[in-house]
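next input, structure requested:
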Amino acid sequence: MVGNILIYLGVVVFPTATCWAVLRIPRLIERWNRRRPPATSAVPVERLAADLRRVHRALVGLAPDAPVLRRRATCQAYDALLMQACRAVDVPQSLDAVPEGIERDVERLRVEEALRGAGLAIP
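Coordinates of the predicted model:
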């Protein structure tokens, strides 16, 4: 008789406790992450904006006969700075997911405008 009651309690309590734990664990993890201090950007936003302006000037100032390697490297440096700035001011971006070409140029323009809207002084 007692064995049957224990089996019944196990059948009823175990699934209920499991479902409760599955539903509660994400909230506990979120609460734990909120307790930790937010990770600060190693580079100040002002410095990122200055670097963006400098690299943008270098990108615009490239001669038409500049080596392709230099043009690509400057463009990649500019994209990396844009991604850092987006992380610093919490602007969504997908520069790293978009392939080279027109799509990336359009995403770059969108990100630049979003950063301007967030208050960054970039060209």
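
run the chain-centre distance for the helix or strand residue 19 falls within.
Taking DSSP states H and E as the criterion, residue 19 maps to helix 2-35. Distance of helix 2-35 from its chain centroid, counting by Cα atoms, centre = their mean, to the nearest Å, is 33 Å.

beyond that helix, next helix or strand please.
With elements assigned by DSSP H and E, the helix or strand that comes after helix 2-35 is helix 45-60.

re earlier: buried sites along the helix holding residue 19?
Within helix 2-35, not a single residue qualifies as buried, counting by 16 or more other Cβ atoms under 10 Å. The C-beta positions use only the backbone N, C-alpha and C, and glycine is treated the same way.

elements contacting it?
Using 3 or more Cβ pairs under 8 Å, 6 or more residues apart in numbering; DSSP states H and E, no helix or strand is in contact with helix 2-35.

average model confidence for it?
Average pLDDT, helix 2-35: 83.

residue 123 versus residue 109, what's the distance?
As judged by Cβ to Cβ, to the nearest Å, residue 109 and residue 123 stand 12 Å apart.

hang on, I meant residue 1
When Cβ to Cβ is the yardstick, residue 1 and residue 123 sit 82 Å from each other.

next: residue 44.
Per Cβ to Cβ, residue 44 is found 19 Å from residue 123.

now residue 78. Nearest residue, chain neighbours left out?
Nearest residue to residue 78, sequence neighbours excluded (Cβ to Cβ, 6 or more residues apart in numbering): residue 55, at 4.8 Å.
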